[in-house]
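Trainee: A structural model of the following input is requested.
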Amino acid sequence: MKGIVFTEFLEMVEEKFGFVTADAIVQDADLPSGGIYTAVGTYPHAEIVALVVQLSQKTSIPIPSLLQAFGQHLFPKFVQGYGGFFQNVTDPFVFLSSLENYIHVEVKKLYPDAELPSFDSHFPDEKTLVMEYRSARGMADFALGLLEGCLTHFQDPSTITREDLAPNGSHTRFVLTRP
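Mentor: The predicted model follows:
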């Protein structure tokens, strides 16, 4: 998993819960990396899981809620760091439907070792975008937060419904619907 995920997660923890909590979850997670991350490095997925578990234990906030909040936090960071993907895009449905065939292709050029989820998207009608998320990492809650962050960024009032197609969060259908 790319280091930007780790650095931004720890930034979010520090912003929302303070430096002491951020430091404590790193110490208590007993990470092989020691919790030292660079944005372009690659680290085991198990480390982000350990950090989220520790944060949940310290805050009593359920893991799914923390992952969703992290997705909401991370989307604006992607906008800041990868602004080229957002140039001339005014519609979140257009942006989201391009994830698999444009954005992920470009990300793989920048980071060939990146392990990205897949998103199969289609439009059953002009007001609906259906996205099927698949990832062995089972981070559908995080994906939901990113989708919510996208709608917020574009100031779009669409709603998101979710259907888990696998019990471990590895396959989820998101339906975005415009009013």
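Trainee: Let me see the contact set for Pro117.
Mentor: Going by CB atoms under 8 Å, 6 or more residues apart in numbering, Pro117 touches 133-135, 137, 139, 143. Placement of C-beta: from N, CA and C, glycine included.
Trainee: what about 6 Å?
Mentor: 133, 135 (CB atoms under 6 Å, 6 or more residues apart in numbering).
Trainee: Distance-wise, check it relative to Thr172.
Mentor: Per CB to CB, to the nearest Å, Pro117 is found 10 Å from Thr172.
Trainee: any common contacting residues for the two?
Mentor: Common neighbours of Pro117 and Thr172 (CB under 6 Å, 6+ apart) are Tyr133.
Trainee: Who are the packing partners of the helix ranked longest in the chain?
Mentor: Under DSSP state H, the helix in the chain containing the largest number of residues is helix 63-81. In this structure, helix 63-81 packs against helix 3-17, helix 45-59, helix 140-153, with contacts taken as 3 or more CB pairs under 6 Å, 6 or more residues apart in numbering; DSSP states H and E.
Trainee: what comes into contact with it?
Mentor: 8-9, 12, 52, 55-56, 86, 141-142, 144-146, 148-150, 153.
Trainee: So which bits of it are buried?
Mentor: 64, 66-75, 78 (16 or more other CB atoms under 10 Å).
Trainee: And stretch 16-29, by the same measure?
Mentor: 16-17, 21-22, 24-26, 29.
Trainee: tell me the secondary structure for Glu163?
Mentor: Secondary structure, DSSP: H, G, I helix; E, B strand; the rest coil: Glu163 is strand.
Trainee: show me what contacts it?
Mentor: Arg173.
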